[in-house]
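Novice: Task: produce atomic coordinates for the following.
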Amino acid sequence: MDLPPSAPQSLSSIKERSYNRATLTDDGIMITSQASANPSNSGSVSNSNRGSGFYGYNNSTSSLQSAASSCFETTSLISCVTCLSDTNSTDHHHRQHGDSDDTSGLLSQDPDDIPYSSVNRQLLVNTVIPYGRILYAKYLENPNGYTDNGNEASSSKATNGANAHDSETNVVADASPALKTASSDDTIKEPFLQDENNDGGENQAATGRDGYQLVEITFAKPRRHDLVPKRLTLLINFFSSSPDADVVEEILARSYKNTKRNRSVLVIINPHGGKGKAKKLFMSKCQPILLASRCSLDIAYTKYACHAVDIARQVDVDKYDTIACASGDGIPYEVMNGLYQRADRAKAFNKLAITQLPCGSGNAMSVSCHWTSNPSYATLSLVKGVESRIDLMCCSQPSYYESSPRLSFLSQTYGVIAESDINTEFIRWLGPARFELGVAFNVLQRKKYPCDVWLKYAAKSKNEVKTHYLEHKKKAEETVSDVNSTVAPEDEITDADFVLKYPYDKGVPEDWEKLDSSVTDNLGIFYTGKMPYMAADAKFFPAALPNDGTMDLVVTDARTSVTRMAPILLALDKGTHVLQPEVIHCKIVAYKLIPKLHSSLFSVDGEKFPLEPLQVEVLPRICKTLLRNGCYVDTEFDSM
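Specialist: You can find the predicted model right below:
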């Protein structure tokens, strides 16, 4: 027979294609039975193998809520998807191209040609693939099972050959929202279109379509501790009162609810991050999911200190909507400050969402925003995350405030934490243990860091902090439930939003309060932050919220006995240290710290800052990022 112009070259792969019957549910796509599209089969599926199915979806369900609800790495789909034998066909490709340049390997291929392995006929009946894990969906070309060998046609139906040409002209060769039936069994095999409960008459006419669509989905499947893209062919039972209903569009709309599809991403990789493994982690864990989601990617590698500042300062903001930092927390800090130094900084911060793919040694941004330090799970959160505005903090010191203040997204610290962070860089190879050793050493010494501190309070007592947290968390949850896929125009920032309310050269305002000198003269830890996690096991600011207009402050007294400091530090993973009576915990909108030492330092977002007076204030909602389900990871502070 003459093949349609757009039919695939190898038709045998389609006529032999195995598939699963499925239906759309509130939470995902549910497998209702297994079958094969092989024309030699009986051509129908018994009623006993059909799932009852149910239709529609819950508008309140966000794109990631249908995935597992654990805050950190999750390794299961509903039912027993994780039990399947799983050989990822892209593994060999990564071994070949894992150390290649950014323009080779998977980036140079058509997304449809990337060899993700299939899980056809491997999923058990009633398995549900959550919408939060679905990366892409498309109709299959030539779904009607053409054969390229006319001699294979059934001789018993050769008498229908006279009608073959007419029927062929009614068949759409390209992917189509509805499978078109044809009358010639001599040339077309359709074992999956006929529903035994539907004679093609009155019931079918009522739906406006045959109700079945052959669709290929790509979804993120747990594999050991990671997620990998898999393909699955589905014959989807989808009835609609609209004759123009599009099942693929319906799947994608549910899968990308409240977020943007097909992101244009600039990935900045620090090749020395993560003990030199950042590039390999991105190529093997992150890139496949981004490409399977049809994101367009450009990759830039940092080559020297503060190179990401230069990249962000010069980036074409019209070309991208997302900057993903495949690194630790240092590259997001540099990117934000590079954008801040631009003449069109308001446009840059309105256009670009800045996020982290956790490929470094410190991944606090990913833990707080993506709820995980696993690169593949964080990538899924990037793809499905809700664009949200977060507060930043602006730092001013005498040596640079006149030329350009510096932005901080994570924290500033002085005292035990600062020295434990910066002064243990020489043993970075120990990983997180280096920081714990540094803290233990300084605490045992009961080292003091005298200073003067002035604060602009938002919530002074611990009870006020709890009240503030509950009120703003409720408001944030209400906002997320109504959020659209893009930031509303009234939420966009202007140059006026970067103007400081408390300029450094104007001195300390009268309404700021001086922290008790008996505490500041014996200060052990001074730590302010905007995100709840400072590391995967350090929930330092459990009351932190993305855009409540405040930063959290924790202060300890160096005179506190070791027997009391030990349980405080051991409670960091739970966040309950802020409840201890020896710990000062409050919310502030600005502060000024004047050190009295001649030899120490500040640490800002993990970067060493000079030991000189430091003034910081919150810049509300200045930066756009991607948050899983539109909020920070749940710290359980409201139940503490």
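
Novice: neighbouring contacts of stretch 305-321?
Specialist: With C-beta atoms under 8 Å, 6 or more residues apart in numbering as the test, stretch 305-321 has contacts from 260, 263-266, 268, 270, 298, 300, 302, 323, 325, 331, 334-339, 341-342, 344, 347-348, 351-353. Backbone N, C-alpha and C define where each C-beta goes, glycine included.

Novice: Let's see which of these end up in strands.
Specialist: The strands, defined by DSSP state E, take in 264, 265, 266, 268, 298, 300, 323, 325, 353 from these.

Novice: in what helix or strand does residue 586 lie?
Specialist: Assigned by DSSP states H and E, residue 586 belongs to strand 584-595.

Novice: partners of that strand in the sheet?
Specialist: Sheet pairing for strand 584-595, assigned by DSSP bridges, gives strand 451-459 (antiparallel), strand 551-557 (antiparallel), strand 614-627 (antiparallel).

Novice: Now do it, average pLDDT.
Specialist: Taken as a whole, strand 584-595 carries a mean pLDDT of 98.

Novice: Tell me the buried residues in that strand?
Specialist: Within strand 584-595, the residues scored as buried using 16 or more other C-beta atoms under 10 Å are 584, 585, 586, 587, 588, 589, 590, 591, 592, 593, 595.

Novice: now for those residues, which pair is the farthest apart?
Specialist: 587 and 595 (23.0 Å; C-beta to C-beta).

Novice: sorry, back to before: looking at the strands paired with strand 584-595, which is closest to residue 599?
Specialist: If we rank these by C-beta to C-beta, the stretch that ends up nearest is strand 451-459, at 13.4 Å.

Novice: Residues touching the closest one, excluding its own?
Specialist: 414, 465, 467-468, 502, 508-509, 511-515, 517, 520, 523, 526, 549-550, 553, 586-597, 617.

Novice: let's see 6 Å
Specialist: For strand 451-459, contacts defined as C-beta atoms under 6 Å, 6 or more residues apart in numbering pick out 465, 468, 508, 512-515, 520, 523, 550, 587-596.

Novice: I'd say residue 32 and residue 24 touch.
Specialist: No. Counting by C-beta atoms under 6 Å, residue 32 sits too far from residue 24 to count as a contact (10.7 Å).

Novice: So in the protein, which helix runs the longest?
Specialist: What stands out as the longest helix in the chain, according to DSSP state H, is helix 462-481.

Novice: Using CSV, write out every CA atom in that one.
Specialist: Output of helix 462-481 as CSV, limited to C-alpha atoms (Å, rounded to 0.1, in the frame of the first residue of the first chain):
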residue,chain,number,x,y,z
LYS,A,462,8.9,33.9,71.0
ASN,A,463,5.1,34.0,71.3
GLU,A,464,5.0,36.9,68.9
VAL,A,465,7.2,34.9,66.5
LYS,A,466,4.7,32.0,66.6
THR,A,467,1.7,34.4,66.0
HIS,A,468,3.5,36.1,63.1
TYR,A,469,4.4,32.7,61.6
LEU,A,470,0.9,31.3,61.7
GLU,A,471,-0.7,34.5,60.3
HIS,A,472,1.7,34.8,57.3
LYS,A,473,1.8,31.1,56.6
LYS,A,474,-2.0,31.1,56.3
LYS,A,475,-1.9,34.1,53.9
ALA,A,476,0.8,32.3,51.8
GLU,A,477,-1.3,29.1,51.6
GLU,A,478,-4.3,31.2,50.4
THR,A,479,-2.2,32.9,47.8
VAL,A,480,-0.8,29.6,46.5
SER,A,481,-4.3,28.2,46.1
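
Novice: next structured bit after the helix or strand of the chain with the lowest mean pLDDT?
Specialist: The weakest-scoring helix or strand in the chain, judged by mean pLDDT, DSSP states H and E, is helix 202-207 (a mean of 32). For helix 202-207, the succeeding helix or strand toward the C-terminus, using DSSP H and E, is strand 212-223.

Novice: Quick check: what element follows that following strand along the chain?
Specialist: Next along the chain after strand 212-223, taking DSSP H and E as the criterion, comes strand 226-237.

Novice: in this structure, what spans have low per-residue confidence?
Specialist: Applying pLDDT under 70 to the chain flags the ranges 1-17, 35-106, 108-109, 141-211, 241, 243, 421-445, 481-490.

Novice: Let's see that with 80 instead.
Specialist: Applying pLDDT under 80 to the chain flags residues 1-19, 34-115, 121, 141-212, 238-244, 419-446, 478-490.

Novice: Quickly list the domain ranges of it.
Specialist: If you go by automatic domain parsing, the domain ranges for the chain are 11-159+200-255, 170-186+258-384, 394-620+635-640.

Novice: is it possible to export the strands paired with strand 584-595 to JSON lines including distance to residue 399 and mean neighbour count?
Specialist: What follows is the strands paired with strand 584-595, written out as JSON lines (distance: least, C-beta to C-beta, whole Å; neighbours: other C-beta atoms under 10 Å):
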{"stretch": "strand 451-459", "distance to residue 399": "18", "mean neighbour count": "19"}
{"stretch": "strand 551-557", "distance to residue 399": "22", "mean neighbour count": "24"}
{"stretch": "strand 614-627", "distance to residue 399": "11", "mean neighbour count": "23"}
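
Novice: Can you tell me which of those strands is nearest to residue 389?
Specialist: Nearest to residue 389 among these is strand 614-627 (4.0 Å), distances taken as C-beta to C-beta.

Novice: got a list of contacts for the closest one?
Specialist: Under the contact criterion C-beta under 6 Å, 6+ apart, strand 614-627 has outside partners 349, 353-355, 369, 382, 385-397, 502, 504, 547, 549, 551, 589-593, 602.

Novice: List only those of these flagged as buried.
Specialist: Among those, those scoring as buried are 349, 353-355, 369, 382, 385-397, 502, 504, 547, 551, 589-593, 602 (criterion: 16+ other C-beta under 10 Å).

Novice: Which members of the contacts of strand 614-627 are positioned in helices?
Specialist: Among the contacts of strand 614-627, the members found in helices (DSSP H) are 349, 369, 382.
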